[in-house]
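Q: Any chance you could fold what I've pasted below:
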Amino acid sequence: MAPSVAEVQHPVQPTAIEAAKATGKFTVKFDPSYEYNKYLPYQETFEKEDPLQYFDHVDPASRADPAKPNLLTADAQLHHLSPYLGTEVSGVQLSKLSKEGLDELALFVAERKVVVFRDQDLKDASPEQQLEFVRHFGPPHVHPIAVNVEEYPALAVVYRDEERPGFNDSLVGTQINHTGWHSDVSYEKQPPGTTFFYIVDGPEVGGDTLFLSQVEAYNRLSPEFKKQLIGLKAIHTAVPQAEGAAKRGLPIRRDPVETEHPIVRVHPVTKEKALFINPGFTTRIVGFKKEESDALLGFLFDHIAKGADFQVRATYKPGTVAIWDNRVTVHSAIPDFDRKLRRHHIRLTPQAEKPIAAEEI
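A: Coordinates of the predicted model:
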């Protein structure tokens with residue numbers, strides 16, 4: 001007699017994580033004891049996507065009350081790291097802010113360039129809640145190198161441990177100085193603005209991020225030198241990053257792009273002028289011969305590297321969320337920690353406007 005339906009033995013179906021483990025889609029060793037496995041780097045299966053297109057963007061900081069009553073309440077405690085950039089904030093819970101408070105947050109970050117919030121609950125919110133939060137600031141950017149939280153391409157994963165060296169580990173073996181100044185995905189047509197970076201797990205000491213004010217970098221230049229920069233454009237390229245990712249076996253979501261951006265841009269709300277070049281992605285100046293371009297970019301890159309008096313160092317502890325304005329800063333990871341330790345962060349990267357060129361000094 002045929003067995004009843006109840007008697008039929010169906011094989012146990014693997015969970016999504018187990019299936020991904022079996023097919024190698026997760027790029028790190030699975031650790032059942034790790035509380036935040038859901039945030040491990042995951043390689044999606046996808047069709048190659050079309051290039052990103054231009055869109056209209058209104059910066060939420062343009063709606064903000066300059067006094068910031070919804071953000072900087074009586075409970076807020078501020079510790080400024082430098083006159084030029086950087087503030088640590090406690091007593092403010094980002095997830096509880098009203099729309100008005102989020103507008104004020106955008107303005108505060110634009111003014112202070114980088115703001116480090118302590119004791120936040122962002123990592124314990126669902127991915128949907130996190131994306132809804134950052135959409136207030138612009139469309140969440142999806143990185144062309146497809147390493148992200150499973151099913152959430154806009155949650156970019158920054159991860160390394162003893163068995164999976166991160167991108168910056170390549171610097172440790174090839175350079176005396178391990179800094180790598182860049183502005184995130186500056187090669188896009190509309191690069192990010194207000195950018196969020198929160199710690200999931202990390203070392204007690206080390207693994208910090210250096211930030212530098214491109215506004216102050218511009219301000220330090222002489223009026224005559226500034227005049228030479230106004231009107232110039234530079235090429236920002238994704239090609240080396242894509243080639244490096246391909247060598248490491250990482251999938252490329254979109255073909256790498258090269259985009260012209262002004263060397264001096266204007267913030268749409270604060271109206272501050274800032275350099276918009278970085279050693280990570282800027283390769284040449286439009287209309288210059290190679291030697292001319294190399295000389296000018298080399299000077300500007302050296303100016304950034306030596307600008308210790310307009311840099312700050314952001315540190316991470318459990319619950320830290322670092323927020324910076326990607327339009328007016330550059331930053332560098334610091335791979336100085338014990339390489340046996342895990343460093344795990346999530347970046348949420350809303351896009352902003354097409355860079356606005358400065359027309360006068």
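
Q: now the helices: where do they sit in the stretch 151-300 of the chain?
A: Ranges of helices in the stretch 151-300 of the chain, per DSSP state H, counting those that start in this stretch, are 169-174, 214-219, 223-229, 239-247, 290-305.

Q: Looking at those helices, spot the one closest to residue 107.
A: In terms of Cβ to Cβ, the element of the helices of the stretch 151-300 of the chain nearest to residue 107 is helix 214-219, at 14.9 Å. C-beta: built from backbone N, CA, C; applies to glycine.

Q: For the closest one, which helices and strands make contact with it?
A: strand 273-275, helix 290-305 (3 or more Cβ pairs under 8 Å, 6 or more residues apart in numbering; DSSP states H and E).

Q: If we use 7 Å, what do you get?
A: The contact analysis (3 or more Cβ pairs under 7 Å, 6 or more residues apart in numbering; DSSP states H and E) places helix 214-219 against strand 273-275.

Q: tell me the average confidence for the strand it packs on?
A: Mean per-residue pLDDT for strand 273-275: 98.

Q: Over to stretch 129-139?
A: On average, stretch 129-139 scores 98.

Q: Check which residues of it are buried.
A: 130-131, 133-134, 136-139 (16 or more other Cβ atoms under 10 Å).

Q: Pipe the helices of the stretch 151-300 of the chain into a markdown table and attach mean neighbour count, mean pLDDT and distance to residue 55 per row.
A: Shown next, in a markdown table, are those (neighbours: other Cβ atoms under 10 Å; pLDDT from 0 to 100; distance: least, Cβ to Cβ, whole Å):
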| stretch | mean neighbour count | mean pLDDT | distance to residue 55 |
| --- | --- | --- | --- |
| helix 169-174 | 12 | 63 | 34 |
| helix 214-219 | 22 | 98 | 24 |
| helix 223-229 | 13 | 98 | 28 |
| helix 239-247 | 15 | 92 | 23 |
| helix 290-305 | 15 | 98 | 29 |
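
Q: before we move on, back to that, return the member of the buried residues of stretch 129-139 nearest to residue 48.
A: The closest of those to residue 48 turns out to be residue 139 (Cβ to Cβ; 19.9 Å).

Q: pLDDT score for the spatially closest residue to that closest one that is not a sequence neighbour?
A: Residue nearest to residue 139 in three dimensions, not counting chain neighbours: residue 351, with 5.2 Å by Cβ to Cβ, 6 or more residues apart in numbering. Note for residue 351: predicted pLDDT of 98.

Q: residues in contact with residue 351?
A: 138-139, 141, 190, 192 (Cβ atoms under 7 Å, 6 or more residues apart in numbering).

Q: how close does it get to residue 296?
A: With distances taken as Cβ to Cβ, to the nearest Å, residue 351 is found 28 Å from residue 296.

Q: Residue 67 now?
A: 41 Å.

Q: in what helix or strand does residue 116 lie?
A: strand 114-117 (DSSP states H and E).

Q: Now do that strand: which elements does it pack against?
A: strand 87-90, strand 311-314, strand 321-325.

Q: neighbouring contacts of that strand?
A: 85-89, 92, 94, 108-109, 211, 312, 314, 320-324, 329.

Q: Who's the closest spatial neighbour of residue 140, skipping the chain neighbours?
A: residue 154 (3.6 Å).

Q: quick one on the thing from earlier: name whatever forms a beta bridge with the residue nearest to residue 139.
A: On the basis of DSSP bridges, residue 351 is bridged to residue 192.

Q: how close does the closest residue to residue 216 other than its chain neighbours get to residue 32?
A: Of all residues not flanking residue 216 in the chain, residue 310 sits nearest, at 3.9 Å (Cβ to Cβ, 6+ apart). Using Cβ to Cβ, residue 310 is found at 45 Å from residue 32.

Q: Next, count neighbours for residue 97.
A: 17 (other Cβ atoms under 10 Å).

Q: so what's it up against?
A: 70-71, 105.

Q: In the stretch 1-150 of the chain, where is pLDDT below threshold?
A: 1-27 (pLDDT under 70).

Q: can you give me the strands in it?
A: Using DSSP state E, counting those that start in this stretch, the strands of the stretch 1-150 of the chain run over 77-80, 87-90, 114-117, 148-149.
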